[in-house]
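> just need the structure, nothing else, for what follows:
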Amino acid sequence: MLGGRNIGGRKRSSRQGASVTLAEVAELAEVSEITVSRILRNKGPVAEATRKRVMAAVEATGYVPNRLAGGLASAGSGLIGVIVPSLTNIVFPEVLRGIHAALDRSGLQPVVGVTGYDMEAEEHLVEALLAWKPQAMVIAGFDHTERTRRMLQASGVRIAEVMEIDSKPIDIAVGLSHRQAGFDTGRHLIERGYRRFGYVGHDWCADRRARLRYDGLAACLAEHGLGLVDEALFEGPSSTIAGRDMLARLLARQPDIDVVVFSNDDMATGGVFHCIAASIRLKEDVAIFGFNGLDIGQALPVPLSTIRSNRFLIGRTAIERILERHERPEGATIVDTGYEIVIGGTA
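Numbering: from 1, shown residues only. Purely as a prediction, here's the structure:
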């Protein structure tokens with residue numbers, strides 16, 4: 001809506017899967033297509049009121065200009081846009097390996113952007129990649145700005161939101177239920193006899209999936225008449241140092257906790273290092289449980305007890321599913337790639 005009008009007298013939802021056109025933006029802003037083009041290319045003088053009206057129409061529709069010229073536009077770019085929050089976290093390079101494996105010999109090339117867990121940075125990357133008219137987009141998670149969501153919905157290309165399946169996707173979601181993984185963590189540890197639970201985690205604002213696992217754990221404990229004795233949260237990204245320091249702080253307050261669930265393996269590995277340095281016997285004095293199933297956790301002197309997510313499979317499956325059909329279907333699709341509990345030796 002802009003000034004009480006729908007695009008072309010109809011709601012955008014009636015054109016599910018179709019890309020917004022320059023003509024629709026012009027119609028909504030009540031100007032010519034040439035005027036819209038000039039404003040978007042910042043070419044020539046234009047009244048400020050007109051510019052604002054056009055930009056409001058662009059914002060409302062999620063329109064992204066086409067950076068491909070002439071005949072190339074009809075042929076497509078041969079690109080797959082991929083946006084992940086980090087490359088330093090080994091989780092996402094493994095997803096990228098799966099993407100590359102699925103694209104092998106397809107003739108398509110991935111173009112990767114990294115957000116640093118910043119949704120505004122993600123918005124700029126989505127706009128930049130969509131301007132090159134990719135064949136599809138793969139993007140980590142469901143957390144987007146409203147403008148990012150509108151651009152993705154209006155693009156008409158296949159969209160795979162990966163790593164989680166706990167919300168409704170724009171097109172297709174590939175990953176696991178993090179809430180259920182947290183619940184299953186609690187159930188597994190209760191079955192092994194643990195009752196006094198602690199939690200060590202990192203910044204939930206930047207990692208919604210860690211919060212979902214925490215919520216699942218809390219729900220499981222409540223179902224069994226239990227709760228967290230105490231928790232220590234680091235106000236920043238996960239790291240081994242943060243895990244080490246937060247566990248030391250937690251145990252200083254609650255030395256009788258018998259098991260600590262960590263937000264991920266990075267943090268849990270730091271917890272193991274603290275126990276080794278402080279001569280705390282793993283599993284006997286305190287048990288430690290992580291998430292992700294990273295190689296570093298299994299290479300510790302005592303292999304980490306954790307949940308292993310299928311990261312390579314997530315990346316490969318996302319590409320395979322979105323390439324099965326060029327047109328975006330009417331309904332959303334969810335693909336659960338599952339996870340497995342790694343018994344390890346720390347819990």
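> how about the helices in the stretch 151-300 of the chain?
Assigned by DSSP state H, counting those that start in this stretch, the helices in the stretch 151-300 of the chain fall at 178-191, 208-223, 240-253, 265-277, 295-298.
> likewise the stretch 1-150 of the chain?
Under DSSP H, counting those that start in this stretch, the stretch 1-150 of the chain gives helices at 22-29, 33-40, 48-61, 70-75, 91-103, 119-130, 146-155.
> could you tell me the least trusted of the ones you listed?
Here the helices of the stretch 1-150 of the chain differ in mean pLDDT, and the lowest is helix 70-75 at a mean of 42.
> sorry, back to before: kindly reformat the helices of the stretch 1-150 of the chain as TSV containing mean neighbour count and distance to Pro303.
In short, each C-beta sits where N, CA and C put it, glycine included. Output for the helices of the stretch 1-150 of the chain, formatted as TSV (neighbours: other C-beta atoms under 10 Å; distance: least, C-beta to C-beta, whole Å):
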stretch	mean neighbour count	distance to Pro303
helix 22-29	20	57
helix 33-40	18	55
helix 48-61	17	51
helix 70-75	10	51
helix 91-103	19	19
helix 119-130	19	35
helix 146-155	20	39
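> nearest to Leu251, out of those?
Counting by C-beta to C-beta, Leu251 lies closest to helix 91-103 out of these; the figure is 27.0 Å.
> domain ranges for this protein?
The record's domain parsing of the chain by automatic domain parsing lists 7-61, 178-309.
> weakest of the ones you listed by average pLDDT?
Mean pLDDT is lowest for domain 7-61 among the domains of the chain, at a mean of 71.
> and Gly290, how many neighbours?
Other residues within reach of Gly290, judged by other C-beta atoms under 10 Å, total 31.
> thinking it is in contact with Leu300, fair?
No - here Gly290 lies out of contact with Leu300, judged by C-beta atoms under 8 Å, at a distance of 10.4 Å.
> can you list residues touching both of the two?
Shared contacts of Gly290 and Leu300 (C-beta atoms under 8 Å, 6 or more residues apart in numbering): Thr269.
> so which of the helices of the stretch 151-300 of the chain is the most surrounded?
Between the helices of the stretch 151-300 of the chain, the one whose residues have the most neighbours on average, counting mean count of other C-beta atoms under 10 Å, is helix 265-277 (a mean of 24).
> quick one, which of the domains of the chain gets closest to His100.
With distances scored as C-beta to C-beta, the stretch of the domains of the chain nearest to His100 is domain 178-309 (18.4 Å).
> can you tell me how far the spatially most central residue of the chain is from Asp207?
Nearest residue to the geometric centre of the chain (C-alpha atoms, centre = their mean): Gly141, 2.2 Å. Distance, Gly141 to Asp207, using C-beta to C-beta, to the nearest Å: 9 Å.
> ok, what's across the strand from the spatially closest residue to Leu87 that is not a sequence neighbour?
Once flanking residues are discounted, Leu87 sits nearest to Val114: 5.7 Å by C-beta to C-beta, 6 or more residues apart in numbering. Applying DSSP bridges to Val114 yields these beta-bridge partners: Val84.
> quick check: Val114 touching Asn89?
No - using C-beta under 8 Å, Val114 is not in contact with Asn89, being 10.4 Å away.
> now do the contacts for Thr240.
Residues in contact with Thr240 (C-beta under 8 Å, 6+ apart) are 266-267, 269-270, 273.
> what of Gly78?
Residues counted as contacts of Gly78 (C-beta under 8 Å, 6+ apart) are 107-109, 135.
> perfect, that will be all.
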